[in-house]
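A.B. asks: Predicted model, plus sequence, below.
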Amino acid sequence: MIDSSVRTRIVASILALALLASALVAVFRIREEANAHRVELAMDYNDFVDLARSYNYNPSAFLIALRRAGLTSLALTEELGGNVGQQGHAYATTGAALQNQARLSALSDPTLAALAKAGKIVPDAMYLAIYDRSTYERYRQQLALHFEPKSVRVLHASKPWIIEVRTQVDYFNNTALGIPSDEIALAKKLHLLVIPRLQNDERFDQPQMERALADVLKQDRLVSTVIFFGLRNQVFGYPDHLPQAAALFREHGPKSSQPFNFGMIETYDPGQVQKGNTTLARLIPGQTVRVQAIAKAELDKIRLDEVVARFVLGVRERNVRVVYLRPWAHRDGTLSIEATNIEMVKDLATELKRDGFTFGRATPITEYRGDNRVLVGIATLAVPSIFVLLLGVFGWYRRWLAIAAYAATVGLYAAGVVSHHDLFVRSAIALCGALFFETAAFYILAPAFSEQPASRFGAQFLRSLGWTLAATGVALLGALVVVGVMSSPLTMEEIEPFRGIKLVLDLPPLIALAIYLFKPAFNAGIERPRDVFLAPVRAYQLVLGIAIVAAGALLVMRSGNQSDIAPSHLELWLRSTLTTVLSVRPRFKEFLLGYPFMMLLPALTVAHRRVVGWLLVLGIGVGIGDIVDTFSHLHTPVAISLFRIFNGLVIGVAIGAVAIAIYRRIFVRSAA
């Protein structure tokens, strides 16, 4: 039989090894995040040229000024059939329209006039008259991708070229006809990277996808990121040919002569997520970059400085590497609209340069040394280790439980690796680890619930600070385990989610309250557990209970990147101010609840502690959960999360010190 002290040392040694492995993963991850520092500032060309023409600006001169301000890329969208004729190179009409026109007057084009005279115009077909060779060649290539050969006929093979397409007008209007060559030539002339915006056709196999891209690549090899669009909002290959789409991207990987990335548009509305988006990204790890855009409808509702701040925040804190700009359609002060847009790009570039980012082809999170199966496997051993130590602390240790915990962790992780569902398994293991370390972080405060407050403020401040740092340190070990187990390129790009992340934040207050009420070590004054349920409920307790439940529901609804309840104007102002002053905004749950309550707890008298102990416990649980939750948002760089925790700790300790001083002035002096 192994002595308990020996057992504890063995388990602690395994825990130390697992934490070391997690720390190595964190170091490798920080290095990878530092290397992925190149950002694209891209302008939507269609919106840009519409603005330039509306105000009679010279598009080329305007783009040169934007490039000098920091613009790196042009996002060029495929021309849809419904837009044929907008550039003046072609004209599209239905057969029925041609017949009606021929009845009123003679058609000027000889080919069409002859067809009309012979009665060979098909009413439900589309007819294209093309006056530019490059446009004709593009249409021929693109029409062959979307229609059967028998559906497309060249009626006149020289200028003006006439093409008949047997299709419905609605279908034709939504058919992609490639990117105009003059737009690609403009980007090439101005030394701007090209972001092709392509529309999927569900019949496309790999050869069709390759030909759709070949027209762009043969004109300009500086294609940086491919972004998809369309009414159906699909990526290439959806639904049946996603592996073929992934093969196409792998052919143009980082080591190829014409490399490009897949641009995954950031959205928090499930209805706006592109179909096939996640599957394609999973198939090409290390080739996906996050794209942030602001919809035109929203641009009209926010200020220009808010636009810049939002994009900077996305790049710094959410691993966004393609900033997708739309032109600003309003004057900023006395500046013209043209000068306002130049200033917008300049301010954005200046802010990002200040934060250490460079500009060019966006750098994705690649497969790196930290995402090593052996290293991650060792890191997972922290979870059964802290579980076994907690069993000993609670007096529940059983040898079979310890063996089962280690065996379950190893077996589960191995099964995940073999079945290629390792990230799902890692999420489950990391969630358990987070909850166990959060429990340990709260339990370490147990002696503080029994000690008498210090006689002097200075001594009490240091004592409270010590307990706060101890609990924070244990919680940070839990965060380290989450980072060690979950830091994959797919999670860091938010392609794969950390499942159960809400539980990391929502369960700790309940766990802390249960431990406080039912463990004598916390000196809650409860002799038997059943006394909690048999005690009479007073009116103030009922009111406070309802308030706590409401606050908990609000906490759950407000958690996440896109909460169910929008923040108030005051909160938005506070967030903006804190970000401006501190660079990285600390989280309110930490510096307004968690840290101040940890600081105040040891300063209270035993009698006062028992009166408000349950309230303090809930606040401390929220704060501890939030510390781990900060690192559970894996698309946020580790350095940013550390900075956020530090800022929250400093402010929270300061608020706690003020609370201690007020408490001592009111209660300690009055008691004296």
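C.D. replies: It's in.

A.B. asks: From now on I want contacts and neighbour counts done on CA atoms only, so please keep to that.
C.D. replies: Will do.

A.B. asks: So which other helices or strands are in contact with the helix or strand where Ala404 lies?
C.D. replies: In the assignment (DSSP states H and E), Ala404 maps to helix 399-419. Packing partners of helix 399-419 (3 or more Cα pairs under 8 Å, 6 or more residues apart in numbering; DSSP states H and E): helix 373-380, helix 382-394, helix 422-443.

A.B. asks: Mind checking the pLDDT average for the shortest one?
C.D. replies: Along helix 373-380, the predicted confidence averages to a pLDDT of 96.

A.B. asks: quick check: angle from that helix to helix 422-443?
C.D. replies: 30 degrees (axes from the mean of the first three to the mean of the last three Cα atoms, to 10 degrees).

A.B. asks: Please work out how many residues are found near Gly500.
C.D. replies: 14 (other Cα atoms under 10 Å).

A.B. asks: Give me the pLDDT value at it.
C.D. replies: 84.

A.B. asks: swap in Ser559?
C.D. replies: Confidence at Ser559, expressed as pLDDT, is 56.

A.B. asks: go on, His89?
C.D. replies: 89.

A.B. asks: okay, now it: neighbour count?
C.D. replies: 15.

A.B. asks: isn't it right up against Leu128?
C.D. replies: No - if you go by Cα atoms under 8 Å, His89 and Leu128 don't touch, sitting 10.5 Å apart.

A.B. asks: what ranges do the strands span in this structure?
C.D. replies: Per DSSP state E, the chain carries strands over the ranges 38-44, 73-77, 90-94, 126-130, 152-156, 161-165, 193-199, 225-229, 261-265, 288-293, 320-325, 358-359.

A.B. asks: Please convert the ones you listed to TSV, extending it with mean neighbour count.
C.D. replies: Formatted as TSV, those follow (neighbours: other Cα atoms under 10 Å):
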stretch	mean neighbour count
strand 38-44	23
strand 73-77	27
strand 90-94	19
strand 126-130	24
strand 152-156	16
strand 161-165	22
strand 193-199	25
strand 225-229	22
strand 261-265	25
strand 288-293	24
strand 320-325	26
strand 358-359	18
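
A.B. asks: Could you save those as CSV and add columns showing distance to Ala405?
C.D. replies: Listed next are those as CSV, based on distance: least, Cα to Cα, whole Å:
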stretch, distance to Ala405
strand 38-44, 43
strand 73-77, 52
strand 90-94, 69
strand 126-130, 69
strand 152-156, 66
strand 161-165, 67
strand 193-199, 50
strand 225-229, 45
strand 261-265, 38
strand 288-293, 36
strand 320-325, 38
strand 358-359, 46
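
A.B. asks: looking at those strands, which is closest to Leu66?
C.D. replies: strand 38-44 (9.2 Å; Cα to Cα).

A.B. asks: which residues sit against the closest one?
C.D. replies: Contacts with strand 38-44, where a contact means Cα atoms under 8 Å, 6 or more residues apart in numbering, come from 70-76, 195, 315, 320-327, 357-363.

A.B. asks: Kindly report the same for stretch 301-321.
C.D. replies: With Cα under 8 Å, 6+ apart as the test, stretch 301-321 has contacts from 38-40, 289-292, 299, 323, 328, 332, 344, 347-348, 351-352, 355, 362-364, 492-493, 635-637, 640.

A.B. asks: Extract the C-alpha trace of stretch 516-526 and format it as CSV.
C.D. replies: Extracted C-alpha coordinates of stretch 516-526, given in CSV (Å, rounded to 0.1, in the frame of the first residue of the first chain):
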residue,chain,number,x,y,z
TYR,A,516,-18.6,26.7,0.6
LEU,A,517,-22.0,25.4,1.9
PHE,A,518,-21.0,21.8,2.4
LYS,A,519,-17.3,21.8,3.4
PRO,A,520,-16.6,22.7,7.0
ALA,A,521,-13.2,24.1,6.0
PHE,A,522,-14.9,27.2,4.7
ASN,A,523,-16.4,28.1,8.1
ALA,A,524,-19.9,28.9,6.8
GLY,A,525,-21.4,28.0,10.2
ILE,A,526,-23.4,25.1,8.7
